[in-house]
Structure formats: structure tokens, C-alpha cells
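Novice: Show me how the following folds:
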Amino acid sequence: MELIAGDIGGTKSRLAWVADGVAGAQQLRFERVYPSAAFATADDLVRQFVDDARLPLSPDTLMLALPGPLHGQHAALTNLDWSLDAADMGASLGIATVRFINDFQAAAAGVATLTADDVIGLNPQPAEPGGVRAITGAGTGLGLAFMVAEADGRTRSFATEGGHVDFAPANAMQARLLERLRAAYGHVSWERVVSGMAMDDLYRFCCAERAQPLPDAPMDGAALVARAEANDAAAGAALDLFVDLYGAWVGNVALLYQPRGGLYLAGGITQHLRARIQSPRFMAAASDKGRMRGVVERTPIYLITNSRLGVQGAIATAFSLS
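Specialist: Numbering: from 1, shown residues only. Model (predicted):
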């Protein structure tokens, strides 16, 4: 099999060309990361990748991990203005087999490919062999999937759109945040407060709380970190608020799935704010669950440092189906 596997994100997309190797091994032929917004369609992205690879071969399989719900093999992406249909892409690109999976379903499959060097223990509790595992993560959006061990020893992953469930504030300040966001957006999901897209709103909220002038331009995570390092009080408060909210969300996931096999944190924002997420503040927010505090405290929680998780999961899924 000559496979192109892709992890498509709202900000960037990673594609890898992989082939069958000797004795079932996989051979990586070419890999590249692209800014997603530079392409009008997914077809254009794949064509550019094939051109850049300059291989005297043609791919016969395309597996794309996509951010958003799938309807059969059709998807309209959540944070990227692309609509994709597997059959149409196959015909357009001349690729015999085209398949889509949810991006966090691919990330879930990718967990099995990780080594001890790919994770940091945030709550280093012993994991139960065969226990439910879950993966969530803040990137451009907020993803969630879970994995269940089957009788034959394989792991089956399930996609969710859990990041879009209703946000619930944990204190008076977060209640004020909810009211501000509700006035702007109507429905307020957890993704509205725990994702890259949330950073501008969190900063503006913290500016308003401190009667500090609002910025002229939208703020992203990198700009927020830079302002915090320059002693901008509202920026520092916004990052603290993000850590509190992210921790609360992760605690919710621990209660929902009781993932005794491990709860994994992925996503670009997660990696960029690694030091803050490793701070005691994060686990304090995660564990603040009243009578159910002990459930979170017993959950093994890991931060994933491997930036190839999604594409590794897409590759593993494609080869498992071949």
C-alpha cells in the first residue's frame, strides 16, 4: 500500500506518505506540515503534498483525520471552511481508496503508538491494563474521544463532539465570563473557553474585569504569552483562567469516562502551555469536584508531547483496515 495519511487541523495540517515495508514494517517516504488556511480545498492540499514529495510513485490510499463530525464519508469542517466527500476526492485526485475519520478518533488510535518519552505524567497514578482510556485536547478547537479494549485484545476508538457541550462556570468570575460570551454567541460550549479560539475572548474578559484598555487586534495564544511575560496583568490573568477552565474540563472527562487506563491531553495549545499545565493549579482545578474528587485523583493523567500523534493514528488506522 502506498498511503498518504493526514492530520487536518484548523491551523495546520501534517501529511505523511507511508508504504508497506519488509515484514510488515512501515516505510516513511515523505512528510510535511502546511498552514491549512493556505489552501482553498483539501484536494489542493493533497495535490501540493504529492508535488512536493516528487516520488516516482502514485498513492493508492488516502486517510484523512478531520476536525468535526462525519456524516458517512462526508464532512464540513468545524474551524476550517472546507467541505469534503471521500468519493469525490478519490475521483478528483485519482486515488483508489479515500477514507475519513474524526481527528480525535485518530488521536485515540495514535495513543497506542506512543512511548514513555512521548508523555509527561500530570497525575502519575497506576493505569489499569485493559481499562477505558480517553483523550482530549485544546488546539484550534477542543476534541474528545475514548478507547475501549475488546475481547481480542484490540482497542476500539470512538469519536465524540464533547467539546461542544454546554460550558458550566465553577465560580462567580466564570459566571460573569459565561454571561459575556452568551451575549456574544448565544450558545456557549466548552470549546468557547478551552481552545485556541478562546484566547481572544478570555483576554478581553480579563481586561474588562480590570478596567484595562481592550486590544486593537485579536489575540492568539502566542501573543497572550508574550504579553504575560511583559507583565501585562490581564494577560497573566487570562492564562491563569485558561488553566483553571482546562483543568475543570479534564476533571469532567475523568468523571464521564472513569478512564483508569489513562486520560491523555493532546493539542497544540496543550503543548505550548506545557509549563502552566504542569503546575499544581491545573490539577487543583481538575480535582475540584466535591464528593467525586477522589475519582479524579485516582485517574492517571498524561500530557502528550509527540506532535505527530494524529498522523500516527491515521497511519495505524489505515493499515488496520487494509
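Novice: The nearest residue to residue 313 once chain neighbours are set aside: what secondary structure?
Specialist: Leaving aside its sequence neighbours, residue 313 sits nearest to residue 110 (C-beta to C-beta, 6 or more residues apart in numbering; 3.0 Å). Just so you know, the C-beta spots here come from the backbone N, C-alpha and C atoms, and that holds for glycine as well. Here residue 110 is recorded as helix under DSSP: H, G, I helix; E, B strand; the rest coil.
Novice: Distance of residue 110 relative to residue 273?
Specialist: Applying C-beta to C-beta, to the nearest Å, the value for residue 110 to residue 273 is 21 Å.
Novice: what about the two, which has more around it?
Specialist: Counting neighbours by other C-beta atoms under 10 Å for residue 110 and for residue 273 shows that residue 110 has the greater number, 29 against 22.
Novice: Could you double-check that that one sits in contact with residue 316?
Specialist: Yes: judged on C-beta atoms under 8 Å, residue 110 makes contact with residue 316 at a distance of 6.7 Å.
Novice: list the contacts for the residue nearest to residue 313?
Specialist: Residue 110 makes contact with 306, 308, 309, 310, 311, 312, 313, 314, 316, according to C-beta atoms under 8 Å, 6 or more residues apart in numbering.
Novice: Apart from its neighbours in sequence, what residue is nearest the first one?
Specialist: Same thing as residue 306. In space, residue 306 is closest to residue 118, 4.0 Å off (C-beta to C-beta, 6+ apart).
Novice: ok, now how distant is that neighbour from residue 316?
Specialist: Counting by C-beta to C-beta, the gap from residue 118 to residue 316 is 14 Å.
Novice: what sits against residue 145?
Specialist: By C-beta under 8 Å, 6+ apart, the neighbours of residue 145 are 102, 104, 105, 107, 108, 134, 135, 136, 157, 158, 159, 160.
Novice: typed the wrong thing, it's residue 166
Specialist: Here residue 166 is in contact with 187, 188, 189, 190 (criterion: C-beta under 8 Å, 6+ apart).
Novice: Reformat these as a markdown table; add secondary structure and distance to residue 50.
Specialist: Formatted as a markdown table, the contacts of residue 166 follow (DSSP: H, G, I helix; E, B strand; the rest coil; distance: C-beta to C-beta, whole Å):
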| residue | secondary structure | distance to residue 50 |
| --- | --- | --- |
| 187 | coil | 40 |
| 188 | coil | 41 |
| 189 | strand | 36 |
| 190 | helix | 37 |
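Novice: who wins for most neighbours among those?
Specialist: That'd be residue 190 among the contacts of residue 166, by other C-beta under 10 Å, with 25 neighbours.
Novice: Does that residue touch residue 164 like I think?
Specialist: Yes: with contact defined as C-beta under 8 Å, residue 190 reaches residue 164; the gap is 7.5 Å.
Novice: where does this protein have low pLDDT?
Specialist: 22-24 (pLDDT under 70).
Novice: circling back to that earlier point, of all the contacts of residue 166, which two lie farthest apart?
Specialist: Greatest spatial distance among those (C-beta to C-beta): 187 and 190, at 11.3 Å.
Novice: pretty sure residue 47 is in a helix, no?
Specialist: Yes: counting by three-state DSSP, residue 47 falls inside a helix.
Novice: Give me the distance between it and residue 4.
Specialist: Separation of residue 47 from residue 4 (C-beta to C-beta): 11 Å.
Novice: try residue 82
Specialist: 17 Å.
Novice: got the contact list for the residue lying closest to residue 244 once chain neighbours are set aside?
Specialist: Take residue 244 and drop its neighbours on the chain: the residue closest to it by C-beta to C-beta, 6+ apart is residue 285, 4.6 Å away. Residue 285 is in contact with 170, 243, 244, 245, 246, 247, 248, 251, counting by C-beta under 8 Å, 6+ apart.
Novice: Equivalent analysis for residue 268, please.
Specialist: Residue 268 touches 9, 11, 12, 138, 139, 140, 196, counting by C-beta under 8 Å, 6+ apart.
Novice: Could you rerun that using 10 Å?
Specialist: By C-beta atoms under 10 Å, 6 or more residues apart in numbering, the contact list for residue 268 reads 9, 10, 11, 12, 137, 138, 139, 140, 195, 196, 221, 307.
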